[in-house]
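**Student:** what's the 3D shape of this:
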Amino acid sequence: MAIQAHLVELERKHKILENELHEALLHLSTDDLEIAELKRRKLMVKDQIERLKSQSDETLH
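**Tutor:** Presented below is the predicted three-dimensional model:
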């Protein structure tokens, strides 16, 4: 189940980025570019998660 382990790791990374983004938004001094970068990275991880889930669904059918 290598896909499952990879999925768990990606979900962990997504949660970390979500927390970092939340913290950045709480601080008024946070640069808009930093916030945009966190959002971009979070979206990339989410896309990877969706792609893996789709691949694992295809292999089950």
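**Student:** looking at this structure, which helix is longest?
**Tutor:** In the chain, assigned by DSSP state H, the helix with the most residues is helix 32-60.
**Student:** the residue lying closest to Leu25 once chain neighbours are set aside: neighbour count?
**Tutor:** Closest residue in space to Leu25, ignoring its immediate chain neighbours: Ile35 at 6.7 Å, by C-beta to C-beta, 6 or more residues apart in numbering. Where C-beta positions appear, they are placed from N, C-alpha and C, glycine not excepted. By the criterion of other C-beta atoms under 10 Å, Ile35 has 15 neighbours.
**Student:** contact partners for Ile35?
**Tutor:** 21, 24-25 (C-beta atoms under 8 Å, 6 or more residues apart in numbering).
**Student:** tell me the spacing between it and Lys15.
**Tutor:** 17 Å (C-beta to C-beta, to the nearest Å).
**Student:** and Glu9, by the same measure?
**Tutor:** 11 Å.
**Student:** how about Gln48?
**Tutor:** Distance from Gln48 to Lys15, by C-beta to C-beta: 14 Å.
**Student:** which of the two has more neighbours?
**Tutor:** Gln48 (15 against 12).
**Student:** what distance do you get for that one to Leu28?
**Tutor:** Gln48 is 31 Å from Leu28, by C-beta to C-beta.
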